[in-house]
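Engineer: Task: produce atomic coordinates for the following.
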Amino acid sequence: LPVVPPKQSQSSSSSSRFHILLAAHSSRDAERDVGMEEQYRVLSAAFPTTQVSIVQLKDLSLQEQVELVSQRTSIFVSTCGGGSMTAFFLPRGSSVIFYYAEQSGFNYEKFALTGGPAILDWDLFNNVGYLRVHWLPIGTMNTQEGFESLMYLIRHEMDVTLNGLMQ
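Structural biologist: Numbering: from 1, shown residues only. Modelled structure (predicted):
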């Protein structure tokens, strides 16, 4: 997928200062290899004055990925693993939302599935002080509950930024 250009807004709403970037197919794992088309549709409708883009990061050079997230992205949405590492280049105060697989955890000592959550980047990202990191289960991402959770979380992140609670 190429980068879907952000919608041009005719409103001067404060939400137009945000750019939500959805990383499609950011993992080779079948359960985490998602297109984010439904999230794009829902977020575009919920935040009509906000730039919402969808991109397949593997189609971009490393320089293009870094420029995209470091200069134009305020909220980054991805599945964990793979392309999620690009989130390290987000500007201070940005938000990242990861979808994790609830039952694909892996024990590398025993080389076996655990049946627990696969939150591959949990320890790493939860200790990054310059980003606000959130986790949502992948199993509900295309349900009404999942869409509402994503919209609520993004609205919250916009409010936190606009109210100056995170510099």
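
Engineer: State the next helix or strand along the chain beyond the helix or strand containing Ser44.
Structural biologist: Assigned by DSSP states H and E, Ser44 belongs to helix 37-46. Tracing the chain C-terminally past helix 37-46 and defining elements by DSSP H and E, one meets strand 51-55 next.

Engineer: Could you figure out how far that next one is turned away from helix 37-46?
Structural biologist: Taking axes from the mean of the first three to the mean of the last three Cα atoms, to 10 degrees, one finds that strand 51-55 is oriented at 170 degrees with respect to helix 37-46.

Engineer: Next, the buried residues of strand 51-55.
Structural biologist: Gln51, Val52, Ser53, Ile54, Val55 (16 or more other Cβ atoms under 10 Å). Yep, even glycine has a C-beta here, placed from its N, CA and C like the rest.

Engineer: and which of those is nearest Val42?
Structural biologist: Closest approach to Val42 among the buried residues of strand 51-55 (Cβ to Cβ): Val52, at 9.5 Å.

Engineer: pLDDT weak spots in this structure?
Structural biologist: 1-16, 27, 29-32, 103-108, 113, 115-120, 165-167 (pLDDT under 70).

Engineer: residues in contact with Met151?
Structural biologist: By Cβ atoms under 8 Å, 6 or more residues apart in numbering, the residues touching Met151 are Val42, Leu43, Ala46.

Engineer: hey, where'd the helices end up in the chain?
Structural biologist: Assigned by DSSP state H, the helices in the chain fall at 37-46, 62-72, 122-126, 144-162.

Engineer: picking up where we left off before, ok, and the most crowded of the contacts of Met151?
Structural biologist: The most neighbours of any of the contacts of Met151, using other Cβ atoms under 10 Å, belong to Leu43, which has 22 neighbours.

Engineer: shouldn't it be in contact with Ile20?
Structural biologist: Yes: using Cβ atoms under 8 Å, Leu43 makes contact with Ile20 at a distance of 5.9 Å.
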